[in-house]
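1. here are the coordinates; sequence isn't available:
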DNA sequence: CTGAAAGCGCTAACAT
DNA sequence: ATGTTAGCGCTTTCAG
């Protein structure tokens, strides 16, 4: 059981003042004799001294902590996102405090406060709500907030996200080329998340000018997804299911495959794939693959930019997605 | 731009001393007049006061921070693990500082030090090395360390993990029932991680007493996996590929499927599946599905137990895995 | 080139 | 039932 060695211990041992040690720690050897410097270096390594971050933060107002809140950490999207953010932030000497809102907006509010209590220098948030008012207080706290993946309304913070509209429209082109006559969009509730709405509206707009029919299924806990899929199979028109995110896509595929429904013979399937696994599933699923890790990288860089220059804010960054043409249409 | 309100501001406003506020914050209303209590409550909410965690930690030696290091956060295993840990720790009022060792043992060492610098109260680690000596210093620091998923040698810290040996042997029974004559184990290098070794040895032991042949392919960056699979296909005996973890399984399946190799007609495939997605792939992959989120839950609980009672240490916990019998054998 | 002293925001004896 | 006082481990003027 080793007792904690503090800056005072080092100072005593090196026969200098705490001030000098502090200078050393912060790389301010501006005018420090080479010998004191060497002596301090020696003592620090002898004593195995490491400065206490909490104390440093308390005094200097620099915590080198960035808070990150994802809406659901068990989602593959989060993994890749966190990987991407972590790469950039880690290299810059920042630590991430990662938290999981578990799809609860109450929990998310609580976590935001907890992050602030920890004196984080910035927050990267994948919001669980589209309501800007929920996040206004962070602006008042004067702490940089960067949204990722999903926007809010109005968009009072910068955002890094996929080119949802563009990718959706490109996929629509593919669908229409294949002469589909009806599109069934299966999505989690549109009202909660702007991204879902954007994806749906993009489809709606494109379809409007064609002779293609459109259905929307909003999936909640009460929804019997199997029944909805059966219904989609019953249409007389040539039909395709469009999954609005990776979670939906996988649930749909699970049903289709376990029920032995042939893709694309019986029904076409496509949508957004967060997992980038759709190459392996069924006949290979034609899908929109987001560059999630890159979104993370970009977010990290944006955050660093804000941190060093408050004025660099409010620039939204769009990351393109890849349209993967496989065999499910 | 709101200036930070401190305990002193609250004390002044409520016309009591900081001590009293502190008592209030820590729920020690033992003997506090109802009216002061109410007044403080009022002032705190008026001022929108929130105590500074760093200052609290500095003084009280309680940070309520638990460090978690995963070997690769982009791996689905991490997602579910973190979900599981977070559920338990969050409910108990702890925050996680999650870090990604990115499969680098040097980085992992660095991160461990950084966690200690942050005054974490405990560390949950999915180790990137099997060498106990790398972690000895944590014992010296007297901070609770809990290993998860993978052990080290010797096992000087408690561990929460899957019943690797048991699950592997059960799967072997299935394989042998299907009259396979040769098993090709495809694994990342055994030498690095104990779990890999355990899985392989379990197979080896079981196979020894049968007339079944066994090959081992250790995959590094230099390995051409496609060639190895081709080789597996060339054997005259009825052959099955056993993937030692989810990452390998998915890489193998990707090759098999894109090359159009029929499963199980041309070759059987099975192994450990971290993603729990193998139901969707190809004909449905018979695999070992770990209860990763549960492993996380158990780890969280173990950590809480250590925190409140140092003596509860050194108890290794085994979580069973599920053998999913599908159509790839 | 170096140190003394004050204080960051909070908690915890020890008083009263 | 509440206040006084002394720090936690560090950084930072201000002096020399």
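-> Alright, I've got the coordinates. A quick note: this is a predicted structure, and the numbers were derived from the prediction, not measured.

2. Only C-alpha atoms from now on, for both contacts and neighbour counts.
-> Will do.

3. mind giving me the domain split of chain A?
-> Domain ranges of chain A: A:7-51, A:60-161+A:292-320, A:164-289, per automatic domain parsing.

4. which one of the ones you listed is the most hemmed in?
-> The highest mean neighbour count among the domains of chain A, using mean count of other Cα atoms under 10 Å in any protein chain shown, belongs to domain A:60-161+A:292-320: a mean of 20.

5. Do that domain and DNA strand D come into contact?
-> Yes. Judged by Cα under 7 Å from any atom of the strand, domain A:60-161+A:292-320 comes into contact with DNA strand D at residue A:60.

6. quick one: contacts for the nearest residue to residue A:20 once chain neighbours are set aside?
-> Residue nearest to residue A:20 in three dimensions, not counting chain neighbours: residue A:11, with 7.9 Å by Cα to Cα, 6 or more residues apart in numbering or on different chains. By Cα atoms under 8 Å, 6 or more residues apart in numbering or on different chains, the contact list for residue A:11 reads A:17, A:18, A:20, A:21.

7. Using JSON lines, lay out the domains of chain A together with distance to residue B:166.
-> Shown next, in JSON lines, are the domains of chain A (distance: least, Cα to Cα, whole Å):
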{"stretch": "domain A:7-51", "distance to residue B:166": "43"}
{"stretch": "domain A:60-161+A:292-320", "distance to residue B:166": "26"}
{"stretch": "domain A:164-289", "distance to residue B:166": "28"}
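
8. Sketch out the low-pLDDT regions of the stretch 101-250 of chain A for me.
-> Applying pLDDT under 70 to the stretch 101-250 of chain A picks out no residues at all.

9. Which parts of it are helices?
-> A:105-117, A:136-141, A:164-177, A:194-208, A:225-233, A:246-258 (DSSP state H, counting those that start in this stretch).

10. List just the nearest of the contacts of residue A:11 to DNA strand C.
-> The closest of the contacts of residue A:11 to DNA strand C turns out to be residue A:17 (Cα to the nearest atom of the strand; 3.8 Å).

11. Name the residues of the stretch 51-200 of chain A found near chain B, please.
-> Residues of the stretch 51-200 of chain A lying close to chain B (Cα under 8 Å from any Cα of the partner chain) are A:51-55, A:57-58, A:73-76, A:78-80, A:82-83, A:86, A:95-100, A:117-119, A:140-142.

12. filter these down to the ones close to DNA strand C.
-> Within the set of those, contact with DNA strand C (Cα under 7 Å from any atom of the strand) is found for A:55, A:58.

13. what's the helix or strand for the residue nearest to residue A:20?
-> Residue A:11 is part of helix A:7-14, with elements assigned from DSSP states H and E.

14. Let's have the contacts of residue A:11 in CSV, adding secondary structure.
-> Below are the contacts of residue A:11 laid out as CSV (DSSP: H, G, I helix; E, B strand; the rest coil):
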residue, secondary structure
A:17, coil
A:18, helix
A:20, helix
A:21, helix
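
15. before we move on, the earlier item: any idea how far the residue nearest to residue A:20 is from DNA strand C?
-> Shown here: residue A:11 relative to DNA strand C, a distance of 8 Å by Cα to the nearest atom of the strand, to the nearest Å.

16. separation between that residue and residue A:65?
-> 27 Å (Cα to Cα, to the nearest Å).

17. Check residue A:299 too.
-> 15 Å.

18. what do you get for residue A:156?
-> 23 Å.

19. How about residue A:73?
-> Taking Cα to Cα, one finds residue A:73 at 19 Å from residue A:65.

20. for the record, mean pLDDT for the helix holding residue A:11?
-> The average pLDDT for helix A:7-14 rounds to 92.

21. Stretch A:71-79 now?
-> 91.

22. next one: stretch A:286-300
-> Across stretch A:286-300, the average pLDDT comes to 96.

23. circling back: list just the nearest of the contacts of residue A:11 to DNA strand D.
-> Using Cα to the nearest atom of the strand, the contacts of residue A:11 come closest to DNA strand D at residue A:18, 5.0 Å.

24. got the contact list for that closest one?
-> Per Cα under 8 Å, 6+ apart, neighbours of residue A:18: A:7, A:8, A:10, A:11.

25. again, only using 6 Å
-> A:8, A:11 (Cα atoms under 6 Å, 6 or more residues apart in numbering or on different chains).

26. what does residue A:189 give?
-> By Cα under 6 Å, 6+ apart, the contact list for residue A:189 reads residue A:218.

27. Is chain B within reach of stretch A:297-308?
-> No. Stretch A:297-308 lies apart from chain B when judged by Cα under 6 Å from any Cα of the partner chain; the minimum separation is 13.3 Å.

28. Now do that stretch: distance to the chain's middle.
-> 14 Å (Cα atoms, centre = their mean, to the nearest Å).

29. do you know how far the nearest residue to residue A:255 once chain neighbours are set aside is from residue A:254?
-> Counting by Cα to Cα, 6+ apart, residue A:255 lies nearest to residue A:226, which is 6.7 Å off, once chain neighbours are set aside. Between residue A:226 and residue A:254 the computed distance is 10 Å (Cα to Cα).

30. what residues are up against residue A:261?
-> With Cα under 6 Å, 6+ apart, residue A:261 has no contacts at all.

31. For it, which three-state class applies?
-> On the basis of three-state DSSP, residue A:261 is classed as coil.

32. quick one: contacts for residue A:239?
-> Counting by Cα under 6 Å, 6+ apart, residue A:239 touches A:180, A:182, A:183, A:267.

33. what do you get for residue A:304?
-> Counting by Cα under 6 Å, 6+ apart, residue A:304 has no contacts.

34. Distance from the chain centre to the host helix or strand of residue A:296, please.
-> Assessed by DSSP H and E, residue A:296 sits inside helix A:292-308. How far helix A:292-308 lies from its chain's middle: 11 Å, per Cα atoms, centre = their mean.

35. Parallel or antiparallel, which strands does the helix or strand just after that helix pair with?
-> Beyond helix A:292-308 on the C-terminal side, the first helix or strand identified by DSSP H and E is strand A:317-319. Note on strand A:317-319: by DSSP bridges, its sheet partners are strand A:159-162 (parallel).

36. chain center to the strand it pairs with, what's the gap?
-> Taking Cα atoms, centre = their mean, one finds strand A:159-162 lying 9 Å from the centre of the chain it belongs to.

37. what comes into contact with that strand?
-> So strand A:159-162 is contacted by A:146, A:147, A:148, A:149, A:316, A:317, A:318, A:319, A:320 (Cα under 6 Å, 6+ apart).

38. With stretch A:37-57 instead?
-> Counting by Cα under 6 Å, 6+ apart, A:5, A:14, A:63, B:54, B:117, B:118 sit against stretch A:37-57.

39. Apply 8 Å and report the result again.
-> The contact list for stretch A:37-57 (Cα under 8 Å, 6+ apart) reads A:5-7, A:10, A:13-14, A:21, A:24, A:29, A:62-63, B:54-55, B:57-58, B:117-119.

40. Also stretch A:166-183?
-> The contact list for stretch A:166-183 (Cα under 8 Å, 6+ apart) reads A:199, A:202-203, A:206, A:211-215, A:237-242, A:287-288, A:320-323, A:329.

41. Likewise for stretch A:320-329?
-> Counting by Cα under 8 Å, 6+ apart, A:162-164, A:167, A:170-171, A:175, A:178, A:240, A:263-264, A:268-270, A:279, A:283-291 sit against stretch A:320-329.

42. Look up how far residue B:239 lies from residue A:18.
-> From residue A:18 to residue B:239 the distance is 69 Å (Cα to Cα).

43. cool, and residue A:44?
-> Residue A:44 is 59 Å from residue B:239, where distance means Cα to Cα.

44. Show me what residue of the stretch 201-329 of chain A gets nearest to DNA strand C.
-> Per Cα to the nearest atom of the strand, residue A:307 is where the stretch 201-329 of chain A lies closest to DNA strand C, at 19.7 Å.
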